[in-house]
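[1] coords please:
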Amino acid sequence: MGGSVTPEFTSTGSEYFTFVMSTDSSEESIELDGSSSDLARQLFYRAKANDSVNQLELNEVPDTVQSRLDELHLDWNKLPGLAQRALLWDSGFGYTEDFTASSYTAADQTIQFPGYGEDYASSGSNTIMKLLLTSEFLLGRRIPLESLTFVKALSKGASGEVWVCDYAGMEVAAKRLLQMKEHKAEDVNEFAQEIELNASLEHPNIGAFIGVSWSSLNNLTMVIEYFPAGDLQRYLKKNADLLSWARDKIHMAIGVAQALEYLHGQSPPIIHRDLKSRNVLLTRQLEAKVIDFGISRGRLDSTMTGGVGTPFWTAPEILEGRRYTEQADIYSFGVVLSELDTAKIPFHDFKLVDGKKAKPFHILQEVMIGTLRPSFSEECPPRIRRVGVACCQHDPARRPTAASLVRMLQGE
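    Numbers count the residues shown, from 1 in each chain. Here you go, the predicted model:
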């Protein structure tokens with residue numbers, strides 16, 4: 001029978017933490033060294049979040065582990081499952097049922113770390129689990145993975161996929177990394193940061209964060225608001241004839257601009273870096289919701305250099321490899337505005353001097369040197385055209401701010 005476990009930090013500093021074991025006959029503490037094993041610390045955080053797992057059944061408890069238990073007069077078979085696993089990792093052993101590395105999959109087996117050789121790679125799990133379990137934006141927002149029913153795949157990218165799920169009788173969208181045996185630590189870490197960023201945002205024109213779910217870092221899942229109407233690009237393709245600037249499009253444009261105003265007003269400002277019509281979803285009432293903050297960064301972030309985003313929506317200075325600023329988002333907004341007007345993808349009408357359709361390379365080259373900008377239809381209201389032209393200025397300094405953009409669209 002397993003006992004109860006109370007995880008707590010000791011007074012010796014944050015590198016050390018203890019599991020206080022309350023068994024049937026005694027209460028003892030096992031001190032674990034967080035600098036020895038990040039996985040032991042991960043298990044500690046799981047216990048601190050009131051998580052639990054089944055006990056291990058080992059054919060033989062390693063001598064090093066048994067000697068630590070003997071000193072405290074503790075019985076291995078009476079330790080809770082999380083404490084058993086943490087003690088193994090902290091004592092220099094790896095347990096491969098919960099935390100696999102490379103091709104190791106044998107359950108209930110412990111091997112000393114040197115046995116992993118080149119195949120063992122630190123997953124950075126300590127940092128990731130600490131973020132998931134202690135972030136102020138994620139506290140109380142964990143959803144049991146078994147409460148999600150994956151119904152239908154919506155989209156699939158290079159590293160992630162989005163599904164429609166049923167959660168407590170409600171349709172939600174669930175984003176997760178592609179399902180595979182193992183993920184690169186940096187991919188999981190970036191996704192965890194995306195989840196935290198989404199959880200920190202609260203605005204009527206940004207897709208609402210519902211919760212986060214996982215049973216291991218391989219199935220980390222972000223649960224967000226679901227929009228049956230789909231994204232702006234697809235909606236325009238199917239329903240362009242039903243929309244007008246006066247009734248629908250202006251409200252969509254203002255909604256996206258207000259989302260940018262909110263993002264750029266954070267401290268430090270948050271730059272989306274991949275604003276495009278596919279990343280604007282629509283409610284049944286055609287309210288615009290900006291989504292996908294997978295490559296978003298604060299302006300002070302050291303990784304704010306070029307090379308990300310979707311090319312046709314990317315500002316010329318970013319195509320040249322210069323540093324991201326809020327003005328890059330403003331350019332992307334101008335491109336989205338042209339899509340709203342024409343219901344066509346950017347630069348759909350650009351042709352070479354010989355009349356042939358231009359290839360993406362030629363288009364981006366013209367954008368970089370400032371000789372090509374997104375086009376607007378003859379029916380476009382002059383005020384909207386002026387806003388679009390201002391947003392797509394080649395010189396970033398000449399583009400409006402998000403706040404002034406909102407005012408311009410509202411006719412102020």
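
[2] hey, where'd the helices end up in the stretch 201-350 of the chain?
    Counting by DSSP state H, counting those that start in this stretch, the stretch 201-350 of the chain has helices at residues 232-239, 250-264, 316-319, 326-342.

[3] Packing partners of the longest one?
    Meaning helix 326-342. Applying 3 or more Cβ pairs under 8 Å, 6 or more residues apart in numbering; DSSP states H and E, we find helix 326-342 packed against helix 232-239, helix 250-264, strand 270-271, helix 316-319, helix 382-391, helix 402-409. C-beta coordinates here come from the backbone N, C-alpha and C atoms, glycine included.

[4] Could I get the CA-only coordinates of that helix as PDB?
    This file holds the C-alpha atoms of helix 326-342, laid out as PDB (Å, rounded to 0.1, in the frame of the first residue of the first chain):
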ATOM      1  CA  GLU A 326       5.900  46.300 -34.400                       C
ATOM      2  CA  GLN A 327       5.900  47.900 -37.900                       C
ATOM      3  CA  ALA A 328       6.500  44.500 -39.500                       C
ATOM      4  CA  ASP A 329       3.000  43.500 -38.200                       C
ATOM      5  CA  ILE A 330       1.600  46.700 -39.600                       C
ATOM      6  CA  TYR A 331       2.800  45.800 -43.000                       C
ATOM      7  CA  SER A 332       1.300  42.400 -42.700                       C
ATOM      8  CA  PHE A 333      -2.000  44.000 -41.700                       C
ATOM      9  CA  GLY A 334      -1.900  46.100 -44.900                       C
ATOM     10  CA  VAL A 335      -1.600  42.800 -46.900                       C
ATOM     11  CA  VAL A 336      -4.600  41.300 -45.000                       C
ATOM     12  CA  LEU A 337      -6.500  44.500 -45.800                       C
ATOM     13  CA  SER A 338      -5.800  44.000 -49.500                       C
ATOM     14  CA  GLU A 339      -7.100  40.400 -49.200                       C
ATOM     15  CA  LEU A 340     -10.300  41.700 -47.500                       C
ATOM     16  CA  ASP A 341     -10.800  44.000 -50.400                       C
ATOM     17  CA  THR A 342     -10.000  41.700 -53.400                       C
END
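
[5] In the helix or strand just after it, which residues are buried?
    Counting by DSSP states H and E, the next helix or strand C-terminal to helix 326-342 is helix 360-369. Buried residues in helix 360-369, counted by 16 or more other Cβ atoms under 10 Å: His362, Ile363, Leu364, Glu366, Val367, Met368.

[6] Settle this for me: the first one is touching Leu352, isn't it.
    Translated: His362. Yes - assessed by Cβ atoms under 8 Å, His362 is found in contact with Leu352 at 6.6 Å.

[7] do you know how far the closest residue to Val367 other than its chain neighbours is from Ile363?
    Nearest non-adjacent residue to Val367, counting by Cβ to Cβ, 6 or more residues apart in numbering: Pro316, 5.3 Å away. As defined by Cβ to Cβ, to the nearest Å, Pro316 lies at a distance of 12 Å from Ile363.

[8] With Thr325 instead?
    23 Å.

[9] I'd like the helices of the stretch 201-350 of the chain as TSV, with mean neighbour count, distance to Thr64 and mean pLDDT appended.
    Below are the helices of the stretch 201-350 of the chain laid out as TSV (neighbours: other Cβ atoms under 10 Å; distance: least, Cβ to Cβ, whole Å; pLDDT from 0 to 100):
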stretch	mean neighbour count	distance to Thr64	mean pLDDT
helix 232-239	16	59	94
helix 250-264	22	51	98
helix 316-319	20	54	92
helix 326-342	25	55	97
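
[10] So which of the ones you listed is nearest Ile224?
    Set against Ile224 and scored by Cβ to Cβ, these come closest in helix 250-264, at 14.6 Å.

[11] contacting residues around the closest one?
    Residues outside helix 250-264 that contact it (Cβ atoms under 8 Å, 6 or more residues apart in numbering) are 201, 203-206, 232, 269-272, 275, 280, 282, 286-290, 296, 326, 329-330, 333, 336-337, 340, 384, 401-403, 405-406, 409-410.

[12] Show me how to select, in ChimeraX, the buried members of those residues.
    Of the contacts of helix 250-264, the buried ones go into a single ChimeraX selection, burial set by 16+ other Cβ under 10 Å:
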select :201,203,205,206,232,269,270,271,272,275,280,282,286,288,289,290,296,326,329,330,333,336,337,340,384,402,405,406,409
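
[13] and the residue nearest the centre of the chain, what helix or strand is that in?
    Nearest to the centroid of the C-alpha atoms of the chain, with distances taken as Cα atoms, centre = their mean, sits Glu194, at 2.6 Å. Glu194 is part of helix 185-200, with elements assigned from DSSP H and E.

[14] Got the domain ranges for the protein?
    4-122, 126-225, 232-409 (automatic domain parsing).

[15] The ones you listed: lowest mean pLDDT?
    Among the domains of the chain, domain 4-122 carries the lowest mean pLDDT, at a mean of 61.

[16] Contact partners for Met222?
    Residues near Met222 by Cβ under 8 Å, 6+ apart: Ala174, Lys175, Arg176, Phe191, Glu194, Ile195, Asn198, Phe209, Val212.

[17] That one and Leu79, how far apart?
    Relative to Leu79, and taking Cβ to Cβ, Met222 is found at 33 Å.

[18] got it, and Ala168?
    34 Å.

[19] So which of those two has more stuff around it?
    Legend: neighbour count by other Cβ atoms under 10 Å for Ala168 and Leu79, higher for Leu79 (23 against 8).

[20] Touching, that one and Leu58? I think so.
    No - checked against Cβ under 8 Å, the pair Leu79 and Leu58 is beyond contact range at 11.5 Å.

[21] wait, doesn't Val212 sit right on Leu145?
    No - contact criterion Cβ under 8 Å: Val212 and Leu145 do not qualify, at 10.0 Å.

[22] and for those two, which residues touch both?
    Residues touching both Val212 and Leu145 (Cβ under 8 Å, 6+ apart) are Thr221.

[23] between the two, which one's more packed in?
    Per other Cβ under 10 Å, whichever of Val212 and Leu145 has more neighbours is Val212, with 21 against 14.

[24] show me what contacts the more buried one?
    Leu132, Leu138, Arg141, Arg142, Ile143, Ile195, Ala199, Leu220, Thr221, Met222, Val223.
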